[in-house]
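Colleague: Predicted model and sequence below, questions to follow.
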Amino acid sequence: MNFRPAMLALSATLILASGYGCQKFKSSASVAAPTVPSLDTIVRMHWLGKRQLDLEATAFYFGRVWALPETARLQSQTFDRLATNSWRLLLGEAAALQIPCTLLPTFFDDLAQEESYLEIRAATSSEPSFVFAIRLNGAQNDQWLTNLPVILEPLTGDRAVNNAVDHTWSLKTTNIFNLIQFTRVGDWTVVSAGPPQNSLAGEIAARIRRDGVPFISAATNNLWLEASLDLPRLVTAFPAVGGKFSSFQHLDLGVGGDGGYVVTRAKLSFSDPLPVSLEPWRLPVELMHEPLTSFTAMRGLQSWLTDWPAWRDLNLGTAPDQLYLWTLAGSPYQVYLAAPLPDAPASVAALTDRLLQKGNPWLAAKGYISFDRAADGNGVTWGTLHDLKPFIKSAGAGADGWLFAGLLPDPNSAAPPPPAGMIQDILHRPNLVYYDWEVTGPRLQPVLELAQTARQIARRPPLAMDCASLQWLGALIPRLGTAATLINRTGPAELTLYRRSTLGLTATELHLLAGWLESFR
């Protein structure tokens, strides 16, 4: 199961909200605003906005972290880089020069600060309709009124027509949206796009006039961020979004808080029952010990691994159904992996022969050090460094065997066992598919060192230690507590995620985010 396409769709939708989506609402005096979402709705997204989050007790600690100088520096750098690079990617260098890059940071800042709502509809036989509403004051609205056409006209190749009487404009295009419009309804600035007769635009206007907000109030449930996406229909309506969702059907996401932590809930629905058999957990307690800084447990993997070409190429027999990862305090390279294998010694011996025969020629061709058979004959090791010595070996015997791997041999295997409470918590959850726990702050520095090492091995430049992203991560280290993530199978074709964390992301995810933000040049 690959969740990356779902995240790509979510990111693409946010990009659409910030630039492409613009329509004006027609007069809607006769339009009735429904109290439930239309069946044709493929995207709904509500963001409370940082300005309101700063007033929310549920976001107290989250707001303090967002207010750090390091956060402000990274946000400013990201908005400035996006203001330049986003148009180069979309239009090319020559066309991008037509858009003053000084305009975009203001839009990005408003999108972060102010409450907003996005809805997209796409009936089977009609063009998609798109409405984006953002709560702006009068001065901000005037900026959008003036500057948004400057950005959209080079994208569409057409000119906006202004209505000086009611301070609106419209833009006819030959693109996916025939008509883009801009208007003001109550406290909300509304941009819409779609066919000339856009019923969604009228409904949104009616909601604002009736309830004071563009969304169906009962659906928000006091969340900071709420999103609902029909993934296959989103790609059908907007092929440029890309991605192949196969059996992915619907993603529901909600993010809120309890004052000290961010609480994330998500539900992912599939068209077909999941090929997941939840065999009893078999935790590697004999291989683990304190001081743990993270632990991940997964099961139901056998069907996916069996279909994975890389596993089939290894010729190791039956794929494991479970996988475990953990890290220890101390060296950043104390990272370990274990998977139960019925005949681990024979499987690891076969893997060793394959790595020596097939892997070493490839490594030599790339200029890397070769694998070596372990001194005791059990598995392989790689590299000559004292502090980094990756290994693969077998542990246990018979039906209790394990494939055991790590980046550094365990120097203290006789330390106290893992917490009994954590083990029991996993064992007593019958529908649990994925469990992850970590102390995020202390994990940030080891994850950084691992990532920098990986970049060096891959012969890529490491991140500069004085870059805004790493300065931000450094400021987070003493401020982040634990993070726990649970994914349960709540139906034959449904997975539900729950996470409680300081910022909503794990140490690895924070570092990936930092590296991605630094990639904008």
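Modeller: That came through fine.
Colleague: Point out where the protein drops to low pLDDT.
Modeller: Where the chain drops to pLDDT under 70, the residues are 1-36, 86-99, 125, 175-176, 217-221, 239-246, 521.
Colleague: Domains of it: list them as residue ranges, please.
Modeller: Following automatic domain parsing, the chain resolves into domains at 4-48+114-270, 292-518.
Colleague: End to end on the last one, go ahead and measure it.
Modeller: Distances were taken as CA to CA, to the nearest Å; on that basis the terminal residues of domain 292-518 are 30 Å apart.
Colleague: Give the helix, strand or coil label for Trp437.
Modeller: Of the three states, Trp437 takes strand under DSSP: H, G, I helix; E, B strand; the rest coil.
Colleague: Run through the bridge partners of it.
Modeller: In this entry, Trp437 is beta-bridged to Phe295, Ala484, by DSSP bridges.
Colleague: Check Phe391 too.
Modeller: Going by DSSP bridges, Phe391 forms beta bridges with Thr381, Gly406.
Colleague: number of nearby residues for it?
Modeller: 20 (other CB atoms under 10 Å). Heads up, the C-betas are built off the backbone N, CA and C, glycines and all.
Colleague: I'd say it and Gly406 touch.
Modeller: Yes - taking CB atoms under 8 Å as the definition, Phe391 is a contact partner of Gly406 at 6.0 Å.
Colleague: Pro332 is in contact with Gln445, correct?
Modeller: Yes - look at Gln445 against Pro332 with CB under 8 Å: they come within range, at 7.2 Å.
Colleague: immediately after the strand or helix carrying Leu323, which helix or strand?
Modeller: Assigned by DSSP states H and E, Leu323 falls within strand 322-328. Next in sequence after strand 322-328, counting helices and strands by DSSP H and E, comes strand 335-340.
Colleague: Partner strands of that next one, with direction?
Modeller: Partners of strand 335-340, by DSSP bridges, with direction: strand 322-328 (antiparallel), strand 402-406 (antiparallel).
Colleague: Would you agree Val348 falls within a helix?
Modeller: Yes - Val348 forms part of a helix when assessed by three-state DSSP.
Colleague: hey, C-alpha coordinates of the strand holding Leu323 in CSV?
Modeller: Extracted C-alpha coordinates of strand 322-328, given in CSV (Å, rounded to 0.1, in the frame of the first residue of the first chain):
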residue,chain,number,x,y,z
GLN,A,322,5.7,-8.5,9.7
LEU,A,323,8.5,-5.9,9.9
TYR,A,324,10.0,-4.1,12.9
LEU,A,325,12.3,-1.1,13.1
TRP,A,326,13.8,0.6,16.2
THR,A,327,16.5,3.0,17.2
LEU,A,328,18.6,3.4,20.4
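Colleague: Now the phi/psi pair for Thr106, please.
Modeller: Here is the backbone geometry of Thr106 (degrees, to the nearest 10): phi -60, psi -40.
Colleague: What residues of the helix or strand encompassing Trp472 count as buried?
Modeller: Here Trp472 sits within helix 468-476, counting by DSSP H and E. For helix 468-476, burial by neighbour count (16 or more other CB atoms under 10 Å) applies to 468-473, 475-476.
Colleague: quick one: which of Gln445 and Pro332 has more around it?
Modeller: Each of Gln445 and Pro332 has its neighbours counted (other CB under 10 Å); Pro332 has more, 21 against 14.
Colleague: hang on, isn't that one packed against Gln452?
Modeller: No - using CB under 8 Å, Pro332 is not in contact with Gln452; the gap is 9.6 Å.
Colleague: For the stretch 151-300 of the chain, just list every one of the helices.
Modeller: Assignment of helices within the stretch 151-300 of the chain using DSSP state H, counting those that start in this stretch yields the ranges 199-211, 231-237.
Colleague: So which of those is nearest Pro492?
Modeller: Pro492 lies closest to helix 231-237 among the helices of the stretch 151-300 of the chain, at 18.5 Å (CB to CB).
Colleague: From the contact counts, what lies against the longest helix seen in the chain?
Modeller: Ordering each helix of the chain by length in residues (DSSP state H) puts helix 69-91 first. Under the contact criterion of 3 or more CB pairs under 8 Å, 6 or more residues apart in numbering; DSSP states H and E, helix 69-91 touches helix 93-96, helix 104-113, helix 138-156, helix 468-476, helix 507-518.
Colleague: tell me the angle of the third one relative to helix 104-113?
Modeller: To tie it back to what came earlier, the one meant is helix 138-156. Angle, helix 138-156 to helix 104-113, by axes from the mean of the first three to the mean of the last three CA atoms, to 10 degrees: 120 degrees.
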